[in-house]
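>>> quick one, what's the 3D model for this:
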Amino acid sequence: MDATSLLAGYLKIHQPFIGKVVDFDVANDRFFKFDFTAANTDLNPDLVADTERFSRWVNQKLADNQCRYGIGGYMEHRTLYSRSILFNVNEDNEPRRLHLGVDIWGEAGTPVYAPLPATIHSFNDNNNFGDYGPTIILAHQLDGLQLYSL
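Below is the predicted model:
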């Protein structure tokens, strides 16, 4: 059985025990779905190259759409990654553009929770241009499936 099937099975069986990631009030909060692909013509090279300007753009999208949180897609082909040399070459000499997670944006100081049992794998301030910034990696052991979340 592949890892995706194992995870789906675990989540189905343990659904009552899966916790929240952020304090989301279904009655009052909304997510804004960000698009960081080539289809989003707002993401020109000048915007994504300027961290301050890009951050203002993200915050403005949330404000304009009256959303407390923003969400970025899993398996999205992100042209946004081209802004950083960190993602331009991997071990196969190919640029990384596929996003392998789900991002959530919120105000600074927003509490973030581990939705599944975990231990802290590592913490680092990835303080390079276009990198993750302060990052906590959690290790999850889920009935024989090892999974990491950032």
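>>> alpha carbons only for contacts and neighbour counts from here, please
Fine.
>>> what about the helix or strand containing residue 6, average pLDDT?
Per DSSP states H and E: residue 6 is located in helix 3-13. The average pLDDT within helix 3-13 is 88.
>>> residue closest to the middle of this structure?
With distances taken as CA atoms, centre = their mean, residue 103 lies nearest the centre of the chain, 2.1 Å away.
>>> these two touch, right, that one and residue 72?
Yes - taking contacts as CA atoms under 8 Å, residue 103 lies within contact range of residue 72: 4.7 Å.
>>> packing partners of the longest strand along the chain?
Taking DSSP state E as the criterion, the chain has its longest strand at strand 133-142. When contacts are defined as 3 or more CA pairs under 8 Å, 6 or more residues apart in numbering; DSSP states H and E, strand 133-142 sits against strand 119-126, strand 145-149.
>>> now render these as TSV, adding distance to residue 82.
Below are the helices and strands packed on strand 133-142 laid out as TSV (distance: least, CA to CA, whole Å):
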stretch	distance to residue 82
strand 119-126	17
strand 145-149	23
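>>> mean neighbour count, distance to residue 15 and mean pLDDT added to the ones you listed, as JSON lines?
JSON lines is the format used below for those (neighbours: other CA atoms under 10 Å; distance: least, CA to CA, whole Å; pLDDT from 0 to 100):
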{"stretch": "strand 119-126", "mean neighbour count": "12", "distance to residue 15": "20", "mean pLDDT": "94"}
{"stretch": "strand 145-149", "mean neighbour count": "13", "distance to residue 15": "16", "mean pLDDT": "89"}
